[in-house]
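Peer 1: below are the sequence and a predicted model for it; my questions follow.
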Amino acid sequence: MPSVPSVQRRFASAPRTSKLVLYAVLCMAGIAVMSTPVLAQKGPAAETPAPTPAPVDPDAISFAEGLQPIIERLSTNEDLDGAELFTLAGAQFLRGIELALQTRHRVGATEGFDFLPVLRLDLPPNPSPEPFSGAVIETIFFDLDTQMDVARATLARLDEDEAFTATIDLSSLWMDANADGIRQEAEQLLSIGAMAIGGRRALQALNDQPGALVIDFDFSDAAWLTAYTHMLSGTSDMVLAFAPATIIDQILGGGARLDAISNSDDPGFTGDDARWVDLITALIRVLEQQPDAELTQSARLHLLSMVGENRTFWQRVGAETDQAREWIPNDTQRSGLGIEFPSGTGSSWLAVLDDLEALLEGELLAPHWRLGWSESATHGVNLRTMLDTPQSFDVLGIVQGSGILYALEEGPVINSDSWDSFETLVGRQRGFFPFFLN
């Protein structure tokens, strides 16, 4: 059976923006399958305690105490300044990811699934996992969405007339994935962050650059963080819209019964191959359910808000003239992380987001192979219709075409020009920058 990365490559030739819904549900079904006992204990072989790194900048904000203690300490103060509010919102945002990791670790779902940034990384093995059920999937995304709401509420308290600089030592940041309160090597920022956003090459040299993880966050970056919360909320809404728990339990329960009576000496279609069959079956069965229209509508609005906050971010950062340690620089600044941002990164990425917005608004249509690709097509699929008035996702019907007739319209069809230009600009980092820029 093909590997997850090879499946990803097969999707790469399709228009990227039309994969948003598919990614969300694939990750949902994938975690369920990857959580079974055969695959549960892959990942780092052991948990290695890690010392708290010595502060590079004594004035920088440290996260060494852990995310939840920071949240509890700052939340008790109603009179926070801009830097403290940004720090609190950042901790609340990361706490949502930490909760997802803790839930996965608790049930032994320690192997990463390579479709979404939050879920890509491998976790230390859990020698005594709790039983897995489909409800775990819904818990992960419900908790994640809840924390994104909390982080946005904190960011909304920022006063746009109050300039601030939150100098944060990112090397002090860690996520307590196994919830034991002890900082582990695999729980540090570089271990988690590089895997989560696919930026191993971009971030691999940071350990050798003293001070490279100290960043001067400011009001511009608040819009970037807000955009990211909307992206994760939109993803969570799409997963929860399909209420996957019952179907996942049925599929995995049936697979487990078959595995229990299979001939273990038969080298045939077993093991990981069987897990792929389970995954595909779970995916199709979940998609065949009628999704919750309120949640699919909410997902679309979150993605539109993500685009809007990105525009705000690039407008703000484009007006900056300082030379601080930037999280994401404009064309005249330098990255505080030492990452090379090609000139024109902002405008090129905004062009990609313009296409995404037009697709979500129904102003551009998604292509279908039976209707021709963008240069020749006169009809396409209205993604807004599919999300505002959703029907069950008949996978075979969608591939064949009859499953998209209700959303079929005449009009301009999206092309890949903006994405192709962005890929050409960023080169080999085309996998890293979309997740980093959001």
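Peer 2: Yep, that arrived.
Peer 1: hmm, who's touching stretch 143-157?
Peer 2: By Cβ atoms under 8 Å, 6 or more residues apart in numbering, the residues outside stretch 143-157 that reach it are 80, 85-86, 88-90, 92-93, 95-97, 99-100, 103, 118, 222, 225-226, 229-230, 232-233, 236-237, 240. The C-beta positions use only the backbone N, C-alpha and C, and glycine is treated the same way.
Peer 1: buried residues, that stretch. List them.
Peer 2: Going by neighbour count (16 or more other Cβ atoms under 10 Å), the buried part of stretch 143-157 is 143, 144, 145, 147, 148, 150, 151, 152, 154, 155.
Peer 1: now stretch 343-357
Peer 2: Neighbour counts over stretch 343-357 (16+ other Cβ under 10 Å) mark 345, 346, 348, 349, 350, 352, 353, 355, 356, 357 as buried.
Peer 1: which residues are contacting it?
Peer 2: Residues external to stretch 343-357 that are found in contact with it (Cβ under 8 Å, 6+ apart): 17, 303-304, 307, 310-311, 314, 317-318, 330-331, 364, 414, 418-419, 421-422, 425-426, 433, 437.
Peer 1: list buried residues within these.
Peer 2: Buried among the contacts of stretch 343-357 (16+ other Cβ under 10 Å): 17, 303-304, 307, 310-311, 314, 317, 330, 364, 414, 418-419, 422, 425-426, 433, 437.
Peer 1: which among the buried residues of stretch 143-157 gets closest to residue 290?
Peer 2: Comparing the buried residues of stretch 143-157 against residue 290 with Cβ to Cβ places residue 145 closest, at 20.6 Å.
Peer 1: now do the host helix or strand of that closest one: distance to the chain's middle.
Peer 2: Taking DSSP states H and E as the criterion, residue 145 maps to helix 135-155. Taking the mean of its C-alpha atoms, helix 135-155 sits 13 Å from the chain's own mean (Cα atoms, centre = their mean, to the nearest Å).
Peer 1: model confidence over it, on average?
Peer 2: Regarding helix 135-155, the rounded mean pLDDT is 96.
Peer 1: in whatever helix or strand comes next after it, what's buried?
Peer 2: Using DSSP H and E, the helix or strand that follows helix 135-155 in sequence is strand 166-169. By neighbour count with 16+ other Cβ under 10 Å, strand 166-169 contains the buried residues 166, 167, 168, 169.
Peer 1: just send those residues back as a markdown table, with pLDDT and distance to residue 191 too.
Peer 2: Shown next, in a markdown table, are these (pLDDT from 0 to 100; distance: Cβ to Cβ, whole Å):
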| residue | pLDDT | distance to residue 191 |
| --- | --- | --- |
| 166 | 97 | 23 |
| 167 | 96 | 23 |
| 168 | 95 | 18 |
| 169 | 91 | 16 |
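Peer 1: looking at these, which is nearest residue 59?
Peer 2: The nearest member of the buried residues of strand 166-169 to residue 59, counting by Cβ to Cβ, is residue 167 at 6.3 Å.
Peer 1: tally of neighbours for the residue nearest to the closest one when sequence neighbours are not counted?
Peer 2: Of all residues not flanking residue 167 in the chain, residue 60 sits nearest, at 4.7 Å (Cβ to Cβ, 6 or more residues apart in numbering). Residues lying near residue 60 (other Cβ atoms under 10 Å) number 21.
Peer 1: how close does residue 340 get to residue 143?
Peer 2: Look at residue 340 and residue 143: by Cβ to Cβ, to the nearest Å, they are 36 Å apart.
Peer 1: for the protein, what helix or strand is lowest in average pLDDT?
Peer 2: Lowest by mean pLDDT, DSSP states H and E among the helices and strands of the chain is helix 4-11, with a mean of 35.
Peer 1: separation between residue 77 and residue 85?
Peer 2: To residue 85, residue 77 is 10 Å away according to Cβ to Cβ.
Peer 1: okay, these two: which has more neighbours?
Peer 2: residue 85 (22 against 11).
Peer 1: end-to-end on stretch 325-334?
Peer 2: Start and end residues of stretch 325-334 are separated by 7 Å (Cα to Cα, to the nearest Å).
Peer 1: give the buried residues for it.
Peer 2: The neighbour-count check on stretch 325-334 (16+ other Cβ under 10 Å) flags 325, 326, 327, 328, 329, 330, 333 as buried.
Peer 1: what mean pLDDT does it get?
Peer 2: Averaged across stretch 325-334, the pLDDT comes to 95.
Peer 1: got it, and stretch 233-246?
Peer 2: Here the average pLDDT along stretch 233-246 is 95.
Peer 1: output that stretch as CSV, nothing but the C-alphas.
Peer 2: C-alpha atoms of stretch 233-246 as CSV (Å, rounded to 0.1, in the frame of the first residue of the first chain):
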residue,chain,number,x,y,z
SER,A,233,-11.0,26.6,14.2
GLY,A,234,-12.1,26.1,10.6
THR,A,235,-10.4,22.8,10.4
SER,A,236,-12.0,21.7,13.7
ASP,A,237,-15.4,22.7,12.5
MET,A,238,-15.1,20.6,9.4
VAL,A,239,-14.1,17.5,11.4
LEU,A,240,-16.8,18.0,14.0
ALA,A,241,-19.4,18.6,11.2
PHE,A,242,-19.2,14.9,10.3
ALA,A,243,-19.6,13.6,13.9
PRO,A,244,-17.1,10.8,13.2
ALA,A,245,-17.0,9.0,16.5
THR,A,246,-19.7,6.3,15.9
